[in-house]
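> Structure for this input, please:
(2 chains)
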Amino acid sequence: DQQVKQNSPSLSVQEGRISILNCDYTNSMFDYFLWYKKYPAEGPTFLISISSIKDKNEDGRFTVFLNKSAKHLSLHIVPSQPGDSAVYFCAALYNNNDMRFGAGTRLTVKP
Amino acid sequence: EAGVTQFPSHSVIEKGQTVTLRCDPISGHDNLYWYRRVMGKEIKFLLHFVKESKQDESGMPNNRFLAERTGGTYSTLKVQPAELEDSGVYFCASSRLGTGFYEQYFGPGTRLTVT
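Numbering: from 1, shown residues only, chains lettered A, B, ... in the order given. The predicted structure follows:
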């Protein structure tokens, strides 16, 4: 069963605009969420994370929002840059265990 | 500090053959994880080593997959015999003891194609 879902396989935005990547989960026991970024022929690299006790975490141009009641999180990238073009994976953990990933969203930032 | 390395980067084998994938974690990382991504779907956890011991192998699909980490350094993942559905990208990741999944670093992956 897929407990973490990224329903948009792709997203295209203009450089300078905001990119919003969405992720939904089904298991209310998840207590930690992470976003990874993946370039072609490379492994995923950690981008930003959020604990379930928070609803927002910000790191430079990247902000993750968590809505526990809706079991939804989103990654905002502002402003988007062409170098942000990559596949973004959402992942969830329970008690630092049982890591579940979404299927990924391919972001394309057009110059 | 060298990152996680995986070998080979790409392997093409025929159904029924055997393939062994290798992962060298970052030096000093006792946690080692194997994952698989099939056909552009989600990345799925396969198993977790702590040093040479299997901490969790609940994600291993079946007994055609055998993972080892003798000596607690590099790890191998053997698929024998390979089936068509085993095609995908196999990722390895490592992290320091105590950080677990929170701070894992991924290798570039091995793309396995079974024909």
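
> For stretch B:17-33, the averaged confidence score.
When pLDDT is averaged over stretch B:17-33, the result is 97.

> Against residue B:59, how distant is the residue of chain B found nearest chain A?
Chain A sits closest to residue B:106 of chain B, with a gap of 3.1 Å, by Cβ to the nearest Cβ. (C-beta placed from N, C-alpha, C; glycine too.) With distances taken as Cβ to Cβ, to the nearest Å, residue B:106 is found 16 Å from residue B:59.

> same deal with residue A:98?
Residue A:98 is 9 Å from residue B:59, by Cβ to Cβ.

> Find residues that contact each of those two.
Shared contacts of residue A:98 and residue B:59, defined by Cβ atoms under 8 Å, 6 or more residues apart in numbering or on different chains, are found at residue B:45.

> neighbours of residue A:11, just the number please.
The local packing of residue A:11 (other Cβ atoms under 10 Å in any protein chain shown) involves 16 other residues.

> so it is in which element?
strand A:10-14 (DSSP states H and E).

> Strands along chain A, start to end?
A:4-5, A:10-14, A:19-25, A:32-38, A:45-51, A:56-59, A:62-67, A:72-77, A:86-94, A:97-101, A:105-110 (DSSP state E).

> Make TSV out of these and add mean pLDDT.
Below are the strands of chain A laid out as TSV (pLDDT from 0 to 100):
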stretch	mean pLDDT
strand A:4-5	96
strand A:10-14	98
strand A:19-25	98
strand A:32-38	97
strand A:45-51	97
strand A:56-59	98
strand A:62-67	98
strand A:72-77	98
strand A:86-94	97
strand A:97-101	90
strand A:105-110	98
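
> Output the ones you listed as CSV; include the columns distance to residue B:99.
Written out in CSV, the entries for the strands of chain A read as follows (distance: least, Cβ to Cβ, whole Å):
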stretch, distance to residue B:99
strand A:4-5, 21
strand A:10-14, 31
strand A:19-25, 22
strand A:32-38, 12
strand A:45-51, 11
strand A:56-59, 18
strand A:62-67, 19
strand A:72-77, 21
strand A:86-94, 12
strand A:97-101, 13
strand A:105-110, 26
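
> Out of these, flag the one nearest chain B.
That would be strand A:97-101 among the strands of chain A, by Cβ to the nearest Cβ, at 4.0 Å.

> Buried residues, that closest one. List them.
Using 16 or more other Cβ atoms under 10 Å in any protein chain shown as the test for burial, strand A:97-101 gives A:98, A:99, A:100, A:101.

> Repeat that for stretch A:48-60.
A:48, A:49, A:50, A:52, A:57.

> For the fourth one, give me its contacts.
Contacts were defined as Cβ under 8 Å, 6+ apart; by that measure residue A:52 touches A:30, A:31, A:32, A:33, A:66, A:68.

> quick one: the first one from residue A:49, how far?
This points to residue A:30. Distance from residue A:30 to residue A:49, by Cβ to Cβ: 12 Å.

> Now flag whichever of the contacts of residue A:52 is closest to residue B:75.
residue A:32 (24.7 Å; Cβ to Cβ).

> Give the bridge partners for that closest one, please.
With DSSP bridges as the criterion, residue A:32 is bridged to residue A:51, residue A:93.
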